[in-house]
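Visitor: Okay, structure incoming, though there's no sequence with it:
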């Protein structure tokens, strides 16, 4: 529980990266849902499995975003950026999908924070491994 509170504490983060993570997380959620909505209206008979498509798209997009934010930050606060990007995406998905289906809101919404957690963890591990290999090369 203490780690979760530490990850959700925005103190000590770079302000521009913190704001960028929230904006990009919300923008990804909106853009992806708009794209899927356009495809569903353009090809109504050919689109099946929309719930899985929405969950995978949100998860993979936020994971990628959180990976790059955590790798770019290099301040050991990558989890904070990833989780806040995921929470912003969850908020946008919840607001957009609320009128359509209440079962899709938790399914798609929770993919944002889960993707942010996984992507930020990978980005932080990748950054630490890269620092270690550079340190070994200097010796």
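Guide: Great, that's in hand. Just so it is clear, the model here is predicted, and its values are computed rather than measured.

Visitor: got the buried residues for the helix or strand harbouring residue 108?
Guide: According to DSSP states H and E, residue 108 maps onto helix 104-109. By 16 or more other Cβ atoms under 10 Å, the buried positions in helix 104-109 come out as 104, 105, 107, 108, 109. Yep, even glycine has a C-beta here, placed from its N, CA and C like the rest.

Visitor: So which elements touch that helix?
Guide: Helices and strands touching helix 104-109, by 3 or more Cβ pairs under 8 Å, 6 or more residues apart in numbering; DSSP states H and E, are helix 50-73, helix 78-97.

Visitor: re the thing from before, quick one, which of the buried residues of helix 104-109 has the minimum pLDDT?
Guide: Within the set of those, pLDDT is lowest for residue 104 (83).

Visitor: Am I right that residue 24 is in contact with residue 82?
Guide: No. Contact criterion Cβ atoms under 8 Å: residue 24 and residue 82 do not qualify, at 11.0 Å.

Visitor: who's more crowded, these two?
Guide: residue 82 (34 against 20; other Cβ atoms under 10 Å).

Visitor: Contacts only, for the closest residue to that one other than its chain neighbours.
Guide: Residue nearest to residue 82 in three dimensions, not counting chain neighbours: residue 120, with 2.7 Å by Cβ to Cβ, 6 or more residues apart in numbering. Residue 120 makes contact with 66, 67, 69, 70, 78, 79, 81, 82, 83 under the criterion Cβ atoms under 8 Å, 6 or more residues apart in numbering.

Visitor: Let me see the contact set for the fourth one.
Guide: Okay, so that is residue 70. Applying Cβ under 8 Å, 6+ apart, the residues contacting residue 70 are 78, 79, 81, 82, 119, 120, 121, 122, 123, 124, 127.

Visitor: give me the low-pLDDT residue ranges for this structure?
Guide: 128-139 (pLDDT under 70).

Visitor: go again using 80 as the cut-off
Guide: Within the chain, the ranges that satisfy pLDDT under 80 run 1, 3-10, 12, 47, 100-102, 127-139.
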